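Chemist: just need the structure, nothing else, for what follows:
(one chain, ligands or ions: 2)
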Amino acid sequence: MAKVAPPEELVQIEHRPPDKAWMDIPPEFREGRWCYGSKPKDHKIVDFPNPRDWSPLDEDWKLPENWLEIVLEGMRERLHKYRSFRLFMDICVRCGACADKCHFFIGSGDPKNMPVLRAELIRSVYRGEFTKAGKILGRLAGARKLTYQVFKEWFYYFFQCTECRRCSVFCPYGIDTAEITIIGRELLNLVGCNLDWIMAPVANCYRTGNHLGIQPHAYVSMLEFFSEEIEEITGVTVEPSFNRKGAEILFITPSGDVFADPGTYTCMGYMMLFHYLQDLGLDLTWSTYASEGGNFGYFTSHEMAKRLNAKMYAEAKRLGVKWILGGECGHMWRVVNQYMDTFNGPADFLEEPVSPITGTKFENAKSTKMVHITEFTADLITHGKLNLDPSRNDHLKVTFHDSCNPARAMGIFEEPRYIIKNVCNNFYEMPPNTIREQTYCCGGGSGLNTDEYMDMRMRGGFPRANAVKYVHDKYGVNMLACICAIDRATLPPLMEYWVPEVDVTGVHELVANALILKGEKKRTMDLRGEPLPGMEEEEDEEDV
Ligand code: SF4
Ligand code: SF4
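Modeler: Ligands and ions are numbered 1, 2, ... in the order given. Alright, predicted model coming up:
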């Protein structure tokens, strides 16, 4: 793990503009602010270009001889293919409204992390290589040529953007710098410049259906282990079904929930909810093949995102289900909500989702046939279908972090809050300019949640952590809820660093704590094995 300065040092951020013009400042690969390069074996698995051993710190990146031609041709193709890209290259008026809205700029003070300047890194090349004015006037028109050094600068700064889209909320023209980053990463990928932390999950997912490369039997074993845990806590035996043909609903969630704390508690939460609903008519199966909701392919190229996304509909078709229910994930929902239908649809073999418990038709999922679990659960609560005891969460003072993708790519603001307020008695909002569509990123999304990148993660996560600290100091908040598996991986170290008194949870962990299962024994502990409020002594007695 990269060494990170203590918080009191890291917070001394220099926001003064540098003395030189930005084009004259070469990229400096600073420790903790870049990620390891991708490995040849992973390139080979998905047939990606230029497999080789390399490091971003190397002088020679071992690019193909004609790299310049490949990248410029790739840019030309994309300027034709994506009207948004061409538009974003042309219309920025450099008003600066986005300049201070990026968490990486706030946390690092590096001007090239201002969204306007991040985009300018590629826009200047667009002008220099593709416009008449740029070709004639050069730097006077803000134009430059694509050089090896400029290419390295792209790598450094397009992997210092989490594609969170916060900046786009403030742009009067609707310029979405995340989309510019996505294209920038595609161009880097054309000559084999990618991250290990992105390519390894991509290759794993392509081989086994999930980012961690877990085989079907290991997936089943993990859920069986959770069943044992649930039985110990509740006395109730929960038996999920796998790969069951003819089930009504297929459930797909990020593998992070199955294999990494605290996501595992969220996974136990899903299992308990589904068990509870069986008696009310839920007919649902898990899949050990479509065993990943997330899509790291989206962090390399649209094409790779499409290839990995294809398994969702393929598995739904194979099992013959009516519709798909999706778990708490971030970018999974961006891909599902904004791309899946055109990537791999239309899914005419599926039906418009209807809750078998309440009869609610999820019209918003008419086209994708995929429903977000917070919509599903909020609907159950609205119809009074869940027997809940929110006091079981009384040891928690909860705030909610809107994960960037469900918030800005889907507009899921109310459902998680509605659920939390029904399963917890203590809920506090962070300041308005840090939540909902203005939410701050965790600092490690879009494949940047690596250990070697820790300095930048702590900087990028600083605005989010600062808002959490505010509600911690003011109301005693000790739990940060979210609906994203990457958040559940990135927020714990962020909290540990900036606000160590605050822990991280998924929403369905809170639901399961409050959910009263039929035939359960007297509950004394929550899903983490911690004593419930008022049960501390009973727990102690049991320990003796
Ligand atoms: S807010 Fe929009 S138009 Fe203004 S500088 Fe940023 S990207 Fe350009
Ligand atoms: S998309 Fe997010 S990380 Fe990227 S420039 Fe905009 S605010 Fe920064």
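
Chemist: how about the residues of this protein near ligand 1?
Modeler: Taking CB under 6 Å from any ligand atom as the measure of proximity, the chain contacts ligand 1 at 92-98, 115-116, 171, 173, 175. For every residue, glycine as well, the C-beta is placed using N, CA and C.

Chemist: can you do 5 Å?
Modeler: Contact residues, the chain versus ligand 1 (CB under 5 Å from any ligand atom): 92-95, 97-98, 116, 171, 173, 175.

Chemist: what's in contact with stretch 62-82?
Modeler: Stretch 62-82 has contacts (CB atoms under 8 Å, 6 or more residues apart in numbering) with 49-50, 52, 54, 85-86, 89, 125-126, 129-130, 146, 151, 179, 183, 186-187, 190-193.

Chemist: repeat that with 7 Å
Modeler: Contact with stretch 62-82 is made by 50, 52, 54, 85-86, 129-130, 146, 183, 186-187, 190-191, as judged by CB atoms under 7 Å, 6 or more residues apart in numbering.

Chemist: now stretch 124-138
Modeler: 72, 79, 89, 141-146, 150.

Chemist: now it: buried residues?
Modeler: By neighbour count on 16 or more other CB atoms under 10 Å, the buried set for stretch 124-138 is 124-130, 134.

Chemist: how about stretch 140-154?
Modeler: 141-144, 146, 150-154.

Chemist: go on, stretch 468-485?
Modeler: Under the neighbour-count criterion of 16+ other CB under 10 Å, stretch 468-485 has 468-472, 477-485 buried.

Chemist: could you find the closest non-adjacent residue to Met23?
Modeler: Arg144 (6.1 Å; CB to CB, 6 or more residues apart in numbering).

Chemist: what sits against the one you found?
Modeler: Neighbour list for Arg144: 23, 124-125, 128, 150 [criterion: CB under 7 Å, 6+ apart].

Chemist: which of those residues lies closest to ligand 1?
Modeler: Relative to ligand 1, the closest of the contacts of Arg144 is Ser124; by CB to the nearest ligand atom it sits at 13.5 Å.

Chemist: the closest one and ligand 2, how far apart?
Modeler: Ser124 sits 16 Å away from ligand 2, taking CB to the nearest ligand atom, to the nearest Å as the criterion.

Chemist: state the helix or strand in which that residue lies.
Modeler: If you go by DSSP states H and E, Ser124 is part of helix 115-130.

Chemist: contacting residues around stretch 225-241?
Modeler: Stretch 225-241 is contacted by residues 223, 247, 264, 267-268, 271-272, 274-275, 285-286, 517, 519-521, 523, 525, 527 when judged by CB under 7 Å, 6+ apart.

Chemist: mind redoing it with 8 Å?
Modeler: With CB under 8 Å, 6+ apart as the test, stretch 225-241 has contacts from 223, 247, 264, 267-268, 271-272, 274-275, 284-286, 517-521, 523, 525-527, 529.

Chemist: which non-adjacent residue is nearest the most centrally placed residue in the chain?
Modeler: With distances taken as CA atoms, centre = their mean, Gly330 lies nearest the centre of the chain, 3.8 Å away. Nearest residue to Gly330 in three dimensions, chain neighbours excluded: Cys484, at 3.4 Å (CB to CB, 6+ apart).

Chemist: if I read this right, that neighbour contacts Pro406, doesn't it?
Modeler: Yes: using CB atoms under 8 Å, Cys484 is in contact with Pro406, at 6.9 Å.

Chemist: overlap in contacts, those two.
Modeler: Counting by CB under 8 Å, 6+ apart, the common neighbours of Cys484 and Pro406 are Gly330.

Chemist: now do the SS call for Ala481.
Modeler: Under the three-state scheme (DSSP: H, G, I helix; E, B strand; the rest coil), Ala481 adopts strand.

Chemist: returning to that earlier point: of the contacts of stretch 62-82, grab the buried ones for ChimeraX.
Modeler: To isolate the buried subset of those in ChimeraX, counting by 16+ other CB under 10 Å, use the following:
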select :50,54,85,129,130,146,183,186,187,190,191
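
Chemist: dump the contacts of stretch 62-82 into a markdown table; add distance to ligand 2, pLDDT and secondary structure as well.
Modeler: Shown next, in a markdown table, are the contacts of stretch 62-82 (distance: CB to the nearest ligand atom, whole Å; pLDDT from 0 to 100; DSSP: H, G, I helix; E, B strand; the rest coil):
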| residue | distance to ligand 2 | pLDDT | secondary structure |
| --- | --- | --- | --- |
| Asn50 | 26 | 97 | coil |
| Arg52 | 28 | 98 | coil |
| Trp54 | 25 | 98 | coil |
| Phe85 | 15 | 97 | helix |
| Arg86 | 19 | 97 | helix |
| Glu129 | 23 | 97 | helix |
| Phe130 | 22 | 97 | helix |
| Leu146 | 21 | 98 | coil |
| Ile183 | 13 | 98 | helix |
| Glu186 | 15 | 98 | helix |
| Leu187 | 16 | 98 | helix |
| Leu190 | 21 | 98 | coil |
| Val191 | 22 | 98 | coil |
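
Chemist: which among the contacts of stretch 62-82 gets closest to Ile198?
Modeler: Ile198 lies nearest to Glu186 out of those, by CB to CB, at 12.4 Å.

Chemist: find the pair from the buried residues of stretch 124-138 with maximum spatial separation.
Modeler: Taking CB to CB as the measure, the buried residues of stretch 124-138 span a maximum distance of 11.1 Å, between Ser124 and Phe130.

Chemist: hang on, the earlier thing: using CSV, list the CA coordinates for the helix holding Ser124.
Modeler: Extracted C-alpha coordinates of helix 115-130, given in CSV (Å, rounded to 0.1, in the frame of the first residue of the first chain):
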residue,chain,number,x,y,z
PRO,A,115,-13.0,19.0,-14.9
VAL,A,116,-12.6,21.8,-17.5
LEU,A,117,-8.9,21.2,-17.6
ARG,A,118,-9.2,17.4,-17.6
ALA,A,119,-11.3,17.8,-20.7
GLU,A,120,-8.9,20.3,-22.2
LEU,A,121,-6.2,17.6,-22.1
ILE,A,122,-7.9,15.9,-25.0
ARG,A,123,-9.8,18.9,-26.4
SER,A,124,-6.4,20.6,-27.1
VAL,A,125,-5.4,17.6,-29.2
TYR,A,126,-8.8,17.6,-30.9
ARG,A,127,-8.1,21.2,-31.9
GLY,A,128,-4.6,20.5,-32.9
GLU,A,129,-5.2,17.4,-34.9
PHE,A,130,-8.8,17.8,-36.2
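
Chemist: what about that helix, distance to the chain center?
Modeler: Counting by CA atoms, centre = their mean, to the nearest Å, helix 115-130 is centred 27 Å from the centre of its parent chain.

Chemist: what residues does the stretch 51-200 of the chain put near ligand 2?
Modeler: Selection of the stretch 51-200 of the chain residues close to ligand 2 by CB under 5 Å from any ligand atom yields 102, 115, 161-162, 164, 166-167, 177-178.

Chemist: next step: the residues you listed restricted to strands.
Modeler: Judged by DSSP state E, strands contain none of these.

Chemist: so which of those residues are in helices?
Modeler: The members of these that map onto helices under DSSP state H are 115, 166-167, 177-178.

Chemist: once you drop chain neighbours, what's closest to Leu350?
Modeler: Lys369 (3.9 Å).

Chemist: which SS state does Ile324 fall under?
Modeler: strand.

Chemist: contacts only, for it.
Modeler: 249-252, 312, 316, 350, 353, 369-371.

Chemist: how about TSV for the residues you listed, with secondary structure added?
Modeler: TSV is the format used below for the contacts of Ile324 (three-state DSSP):
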residue	secondary structure
Ile249	strand
Leu250	strand
Phe251	strand
Ile252	strand
Met312	helix
Ala316	helix
Leu350	coil
Pro353	coil
Lys369	coil
Met370	strand
Val371	strand
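
Chemist: quick one: Phe251 and Tyr270 touch, right?
Modeler: Yes: counting by CB under 8 Å, Phe251 does reach Tyr270; the two are 7.2 Å apart.
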